[in-house]
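*Asks:* any chance you can model this:
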Amino acid sequence: LDADALKAGSSELAQSLVTRFAIIEPGMAIDKSYFVDERALEPAEVMEVNPASEASPMKAVTIAIPITGDETMFQCRPAMYSIHQPQAECADHELRICFLLTEAEEQHLEQSFEQQLAQIESQLEVIQWQIKGYNSELPEFVQGALAERR
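*Replies:* Below you'll find the model as predicted:
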């Protein structure tokens, strides 16, 4: 805490701490999503993605979705069923999702994108619920900690 916060009254100090440690709920602006990149994969990249394939032509299509809140809330540890694709990363307040597709799969890009969005939104609902609980308990916790400190 800075010197001004320490000199402030108890309620001002408590409010300052609550503001500092409250978590902003994550969200996505799906209506503002856009295509970032579309590129053909080199044969070596195709073999890396799918060693069993006969190096059929594939594309990498990246779609960005603007996000709000803490970017770390969009990070997850891949599970056995989600380790391959699509791949995603957060950068500059955007979630960038990269789909690796064959020509035959291109027609299903919209459906795949919507399925991924549904999964992400489902996880975000859980995270938002947890954040609301944390944020609602934070003022009482701060008041208790300050009272104990005195």
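*Asks:* Glu12 sits in which helix or strand?
*Replies:* For Glu12, the host element (DSSP states H and E) is helix 10-21.
*Asks:* rounded mean pLDDT for the longest helix along the chain, please.
*Replies:* In the chain, taking DSSP state H as the definition, the longest helix is helix 109-149. Helix 109-149 carries an average pLDDT of 90.
*Asks:* next one: stretch 21-34
*Replies:* The model assigns stretch 21-34 a mean pLDDT of 93.
*Asks:* nearest residue to the middle of this protein?
*Replies:* Phe74 (1.8 Å; CA atoms, centre = their mean).
*Asks:* now the closest residue to that residue other than its chain neighbours. Its backbone dihedrals?
*Replies:* Take Phe74 and drop its neighbours on the chain: the residue closest to it by CB to CB, 6 or more residues apart in numbering is Cys90, 5.0 Å away. C-betas here are computed from N, CA, C, even on glycine. Main-chain torsions, Cys90, degrees, to the nearest 10: phi -110, psi 130.
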